[in-house]
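Student: sharing a model prediction with you, sequence too.
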Amino acid sequence: MPNAAPGIGEDANYEYSIPLRRAAPGARPKMRERDRDRVEALRLAGGPKLSLRDRAVALATERGVVRTRELTDIPRCYLARMCEEGLLVKIGYGVYRAAKRQAA
């Protein structure tokens, strides 16, 4: 009795091709309701939220000089790490500015 399924390196010799089911044009893929709600909330909010690091650098760039009391939602240890990475420069006690970036 011949093999029912083709082996390695063998083609299946079917008489009729099996058409693939395609989604109707304009149809959305199926998604859980909570994922759909999350995507909709992101779309309404203007996209994903910036990270704490990006928000701190953006605020320092916008204002020029920023104090730690203006960065209340960012942990202080993050500020020290951002200074080590060269994103912020510590001017004085509790005062930071954005580092000048070289054009790439």
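Tutor: Nice, thanks for sending it over.
Student: going by residue numbers, what spans are helices in the chain?
Tutor: Using DSSP state H, the helices of the chain run over residues 33-45, 52-63, 76-85.
Student: could you list the low-confidence segments of the chain?
Tutor: By pLDDT under 70, the weakly predicted segments of the chain are 1-19, 23, 26-29, 101-104.
Student: kindly recompute the last result at 50.
Tutor: 103-104 (pLDDT under 50).
Student: OK, contacts around P48?
Tutor: When contacts are counted by Cβ atoms under 8 Å, 6 or more residues apart in numbering, P48 is found next to L42. For glycine as for every other residue, the C-beta is placed from the backbone atoms N, C-alpha and C.
Student: equivalent analysis for I91, please.
Tutor: I91 touches 65, 97, counting by Cβ under 8 Å, 6+ apart.
Student: before we move on, what about the one 4 residues further on?
Tutor: With contacts defined as Cβ under 8 Å, 6+ apart, the neighbours of V95 are 65-68.
Student: could you do M82 as well?
Tutor: 53, 56-57, 88.
Student: bridging residues for Y96?
Tutor: Beta-bridge pairing of Y96 under DSSP bridges involves V66, K90.
Student: give me the contact list for stretch 51-58.
Tutor: 50, 66, 71, 73-75, 78-79, 82, 87-88, 98.
Student: how much space between D37 and A58?
Tutor: Taking Cβ to Cβ, to the nearest Å as the measure, D37 and A58 are separated by 28 Å.
Student: hang on, the earlier thing: now the two most distant members of the contacts of stretch 51-58.
Tutor: P75 and A98 (18.5 Å; Cβ to Cβ).
Student: more neighbours, the two?
Tutor: Using other Cβ atoms under 10 Å as the criterion, P75 and A98 rank with A98 on top: 20 against 10.
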